[in-house]
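A.B. asks: just the structure for this:
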Amino acid sequence: MAQKKKKLLGDETVAQNRRARHDYEISDSLEAGLVLTGTEVKSLRDGGAQIAESYASVEAGPRKLPEIWVHGLYIPPYGPATYNNVEPRRKRKLLLHRAQINKLIGQTAQKGYTLVPLKLYFARGRAKLEIGLAKGRPKHDKRRAIAEREVKRDMERER
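C.D. replies: Numbering: from 1, shown residues only. So this is what the prediction gives:
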């Protein structure tokens, strides 16, 4: 008999934005759900999503209530699907509580803050996106962070 493949019920990372931690100073992060179609979920389970060039923004939805949308998130088309596939880089709505949205609106209104996707993963069978409240780092700060990391690495090697 063929053995059945075990499915992971725990957290399963699909994509991670490593560049965000280098380019931005992340002050706060939170978990948001994603509104996806069936073929997008199947495609995410296959892997291949990219979040490096994506960002989140606050837009007015129906009834003029603010909503958070993620732009530039690439989910490749699902191979076996035909006409059910949607555009790979379409904007997707994030599912957050009203209080969380209002908090993010207040924080992004400050100069220099933006919402950056950090990690795309499955938690308890649902697709989740970790977004971070980020402030851009100047170039000299990036160099300082790299130098500190190298010094720390050298000290660990000497031990």
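
A.B. asks: got a list of what the nearest residue to Asn102 once chain neighbours are set aside touches?
C.D. replies: In space, and not counting its chain neighbours, Asn102 is closest to Pro66: 7.7 Å by CB to CB, 6 or more residues apart in numbering. In short, each C-beta sits where N, CA and C put it, glycine included. By CB atoms under 8 Å, 6 or more residues apart in numbering, the contact list for Pro66 reads Val58, Glu59, Ala60, Ile101, Asn102, Ile105.

A.B. asks: roughly how far does the closest residue to the third one other than its chain neighbours sit from Asp28?
C.D. replies: Once flanking residues are discounted, Ala60 sits nearest to Pro66: 6.1 Å by CB to CB, 6+ apart. Noted for Pro66: a distance of 18 Å to Asp28, by CB to CB, to the nearest Å.

A.B. asks: counting by contacts, list what the longest helix along the chain packs against.
C.D. replies: Identified as the longest helix of the chain according to DSSP state H is helix 139-158. Contact partners of helix 139-158 among helices and strands, from 3 or more CB pairs under 8 Å, 6 or more residues apart in numbering; DSSP states H and E: helix 18-23.

A.B. asks: surely Val41 and Ala127 touch.
C.D. replies: Yes: between Val41 and Ala127 there is a contact under CB atoms under 8 Å: 6.2 Å.

A.B. asks: of these two, which one has the most company?
C.D. replies: When neighbours are counted by other CB atoms under 10 Å, Ala127 comes out ahead of the other of Val41 and Ala127, with 20 against 17.

A.B. asks: in contact with the more buried one, which residues?
C.D. replies: Val14, Gly33, Leu34, Leu36, Val41, Leu44, Leu120, Tyr121.

A.B. asks: fine by me, we can end here.
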